[in-house]
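Chemist: Sequence first, predicted model second:
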Amino acid sequence: MPHNVMIVDDAAMMRLYISSFIKGLPDFKVTAQAANGQEALDKLANGAEVDLILLDIEMPVMDGLEFLRHAKLKTRAKICMLSSVAVSGSPHAAKARELGADGVVAKPSGTVSHDLEEKTGDELARTMRALMAA
């Protein structure tokens, strides 16, 4: 049975790219999407069952770091930051880990990374599978 994934990103095009990538992974399926952290918290509160959350950092209303401050009280899902500002070793990545992110993967070419699958796909799939195996 595939793992349920929630995509949280303010860019509709990026949500589409991520969804398309996940469709190619037989062990995952997208079951929820949100345009910001508040919308994601609302969906979790309303019973969205997810195993993994792919979370952007820079979003209006509620950003990814603020979402992390609340998320562990609302869900047992693993949370992987997927952000252009969360490159390995960056202050954003360190803060995300400090606030409870289980994984961090950088978007390869900015806010809307049309090349996500070709440049970061293997790393993202490996991270997703490792988080679900943990």
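Modeler: Sure, I can see it. Residues are numbered from 1 along each chain as shown.

Chemist: Which parts of the chain are strands?
Modeler: Along the chain, counting by DSSP state E, strands occupy 3-8, 28-34, 52-55, 78-83, 103-106.

Chemist: report the longest helix in the protein, please.
Modeler: Longest helix in the chain by number of residues (criterion: DSSP state H): helix 116-133.

Chemist: Which positions within that helix qualify as buried?
Modeler: Judged by neighbour count using 16 or more other Cβ atoms under 10 Å, the buried positions of helix 116-133 are 116, 117, 120, 124, 125, 127, 128, 131. C-beta here means a position set from N, CA and C on the backbone, and glycine is covered the same way.

Chemist: Same question for stretch 55-73.
Modeler: Going by neighbour count (16+ other Cβ under 10 Å), the buried part of stretch 55-73 is 55-59, 62-68, 70-71.

Chemist: now the angle from the lowest-mean-pLDDT helix or strand in the chain to strand 78-83?
Modeler: Within the chain, no helix or strand scores below helix 91-98, which has a mean of 86 by mean pLDDT, DSSP states H and E. Counting by axes from the mean of the first three to the mean of the last three Cα atoms, to 10 degrees, helix 91-98 lies at 170 degrees to strand 78-83.
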